[in-house]
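Asks: This is a predicted model, with the sequence first.
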Amino acid sequence: MPNILASRSARIGTAIAVAMSAVMIAAGQKQALVIGVITGAGYGLVALGLVLIYKSSGVFNFAQGEFGTVAVFALFALHDQMGVPLVPAMLLSLGASALMALATERLIIRPLFNAPRVTLLVATAGVALLAISLELWLGEARARYLQPALGRLDRLSIFDVQVSDQRLLVLAALLLLAVLLGLFFSRTTLGLAILGVSQEPVATELMGISVKRLSSFIWALTGVLAGIAGMLTAPVAGGFTPGFLTSTALIPGFAAAVLGGMTSLPGAFVGGVVVGVAQSLAVSAPIFYENIPGPGAVMVFVLLLVVLALRPQGLLGKSS
Amino acid sequence: MSLDARGSGGVPQVESVEAPPVVEGAVAEAIAVEHTPAPFRPSMAGWFVRGAVMAAIAAIVLLLPATKGAVDVHIYTQAVIFAIIGLSLNVLLGYTGQISLGHQAFVGIGAFTSAYMVTVHRQPFIAGVGMAMIIGGLQALVLGAVSLRITGLYFALITLAYGTMAEESLFNIQSLTGGSAGQPAPKPAGFTTDLRYYYLCLAFLAAVVWVDWRLMRTKGGRALSAIRENPRVAATFGTDVKVYTLLAFVVAGVFAGLGGALLAHNDTFVVRDLFNFQLALVFVIMTVVGGLRNRAGVVIGSAFFGLVTLFFEKLFTNGLDIPGIKLLPKEYAAIVIGPMLLLFTLTRHPGGMGQQIRPLQRWLRGGRFSFKDTHDDEVRVSDVRA
């Protein structure tokens, strides 16, 4: 993934991540570090989708979390209840979230194409609420448990921290996905076309590329990304309720995307890890959780506020 | 940019005889004056019918709850309080063009402040409500200061994170809010029955509508209209953008604090779980569906979302319960119907309910009844600043 390593934002991000790791290991917060990195990778995946949509449609997509929750519910229904084998069930669930993303694009985003961006934001928030309420209606407001794909807890430890197989799987899958996406955006025609659309839609259209079709493809892709994030993190999170990914990952995902300046794809991913580690530190460090209730939410809010107030172009983004 | 670009949009309001209540702006008025035809005056019988319709509306609002049980009145009161909250959000969304996705925090802070004053400090109800309005205004002032620097989509993001932080952190401070157990908030002396409390809330709503109406007629109100249209041009003409934006935030915060306090005492108990993300979205939806910058529309839209649970209860107990089909439980009615209405409003009728009731409003004020009035450029969602 040459372009990812060459990216300036990725270098700054990696530097920040390394510095944070060093501080946390020195402060005896290894547990928070390891858990934070893995949670953060999930945020990064959500953030990636948010940035992709922002670059292609100029929308803050508040329904991103729900695309993922739909996949989690579909996987639960197919695999845990109907007994469909895991891999086909996962593929079908990803199909469900891609379908939902496509429907959102067709029914909501396209009719509002000329509307101001904030109108679109309210509309996507409406889609998210509709999805949550349908889940509540059909699935009731109780927590469900998704069986982890891998069950053993004691196979490996990182920095003396026991890491469950499922968490390892999450990390491996996310890293693999990051590499694949990096290759996709640098090596394939489709990926380059998407980058083109996000930078110069008119010029891309003139080169004979259908911007509308690409827009549909991007929405489906982000649906799949959110679906993967949801399916991988749901077993680790314990249980899932209606609105699962919206309540756990949407705001951190946005914070991560903002850290990357809302434009940089590797920046969004690294930003996710930074947010994950910061949040995990807030939850597990005694000086935070003994004095502040709900330290995770406070940390994300403060992080978002500070970054937007001091560096609106993002911690990792280029100033324009 | 207008939502209506392919249809009726872009037509200035040339035909309007009288300026609608919320419409400000020297240009629109100048055009109206130039083209004013001979004003239409209804006959005596016409005035009588209009008076009768107004009396009927007043009678429904004032007398209908008196004939209902306490459970229903509790929900009517909730609808009245939602109208206050809707007007509060209308100040931000409609007048300043700043979107707040964390309005449940505004309302929740009011609710917990009043409950804290009344229950922990044994203060009278009026002190609780007053303090809720003060604290509500102060926290809105702080958020307003943030909005001066961070605008548009990013400000929406900030308010979203702010709402979540309030829900998970502020409302969990054991000594102030009672933590997850919640805080009792008894009804005030003299208004202990649901019906009396309903009239009290109605009086507060009338006061809020009056204050909102008068404020928008002041220099500050006109300044806000100018800022929303174009902050830079407004600043060039000597309008202090910062001061008036902050003022609007304070007004919204005071209204929301009042709404929260009334909500707390209506339920006689405040729990933090009420003030979740879904509630914030319902607030935004009811204001947008009601019709931004249209006071009557916002009141009707908000009251509708306050009443939705009641409609559903009646609907299902009167025989629509088909066995075997999973029916919509009433507690989710607002959040299932709401987004559908919102998306419909956004894509088809950007003026919301305010746009739909405009012919009736005109007619009641002594104008002609005309369905053509419904496409009104002055009330549209799309003006929210990005």
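Replies: Alright, I've got the coordinates.
Asks: Just the pLDDT for B:Ala132.
Replies: Here, the pLDDT recorded for B:Ala132 equals 95.
Asks: wait, it sits on B:Leu263?
Replies: No. The pair B:Ala132 / B:Leu263 is not scored as a contact, 10.1 Å apart, by C-beta atoms under 8 Å. Placement of C-beta: from N, CA and C, glycine included.
Asks: Tell me how far A:Gln199 lies from B:Tyr95.
Replies: Relative to B:Tyr95, A:Gln199 is positioned 36 Å away (C-beta to C-beta, to the nearest Å).
Asks: neighbour-wise, which of those two wins?
Replies: Between A:Gln199 and B:Tyr95, counted using other C-beta atoms under 10 Å in any protein chain shown, B:Tyr95 has the larger neighbour count: 26 against 11.
Asks: what's near enough to touch the closest residue to the more buried one other than its chain neighbours?
Replies: The shortest distance from B:Tyr95 to any non-neighbouring residue, by C-beta to C-beta, 6 or more residues apart in numbering or on different chains, is to B:Leu224 (4.6 Å). Each residue near B:Leu224 by C-beta atoms under 8 Å, 6 or more residues apart in numbering or on different chains is listed here: B:95-96, B:216, B:244-245, B:248.
Asks: In a markdown table: the residues you listed, plus secondary structure.
Replies: Listed next are the contacts of B:Leu224 as a markdown table, based on DSSP: H, G, I helix; E, B strand; the rest coil:
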| residue | secondary structure |
| --- | --- |
| B:Tyr95 | helix |
| B:Thr96 | helix |
| B:Met216 | helix |
| B:Tyr244 | helix |
| B:Thr245 | helix |
| B:Ala248 | helix |
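Asks: Which pair of those spans the longest distance?
Replies: Using C-beta to C-beta, the pair of the contacts of B:Leu224 lying farthest apart is B:Met216 and B:Thr245, separated by 14.8 Å.
Asks: Among those two, which residue is more densely surrounded?
Replies: Shown here are B:Met216 and B:Thr245; by other C-beta under 10 Å, B:Thr245 has more neighbours (25 against 21).
Asks: Report pLDDT for the closest residue to that one other than its chain neighbours.
Replies: Closest residue in space to B:Thr245, ignoring its immediate chain neighbours: B:Thr96 at 5.7 Å, by C-beta to C-beta, 6+ apart. If you check B:Thr96, the pLDDT there is 84.
Asks: ok, which residues in the stretch 51-200 of chain A are in contact with chain B?
Replies: A:60, A:107-108, A:111-112, A:114-119, A:121-123, A:125-130, A:132-134, A:136-138 (C-beta under 8 Å from any C-beta of the partner chain).
Asks: Low-confidence ranges, chain A, go.
Replies: A:1-11, A:13, A:24-29, A:118, A:141, A:148-163, A:313-320 (pLDDT under 70).
Asks: in chain A, which residue is closest to the centre?
Replies: In chain A, the residue lying closest to the centroid (C-alpha atoms, centre = their mean) is A:Val46, at 1.2 Å.
Asks: In what element of secondary structure is it found?
Replies: helix A:30-57 (DSSP states H and E).
Asks: between the next helix or strand after that helix and helix A:30-57, how big is the angle?
Replies: Once the chain leaves helix A:30-57, the next helix or strand it forms, by DSSP H and E, is helix A:64-75. Here the directions of helix A:64-75 and helix A:30-57 differ by 110 degrees (axes from the mean of the first three to the mean of the last three C-alpha atoms, to 10 degrees).
Asks: Can you give the distance from helix A:64-75 to the centre of its chain?
Replies: Offset of helix A:64-75 from its chain centre (C-alpha atoms, centre = their mean, to the nearest Å): 12 Å.
Asks: Touching, A:Val236 and A:Asp165? I think so.
Replies: No. Using C-beta under 8 Å as the test, A:Val236 is too far from A:Asp165 to be in contact (10.5 Å).
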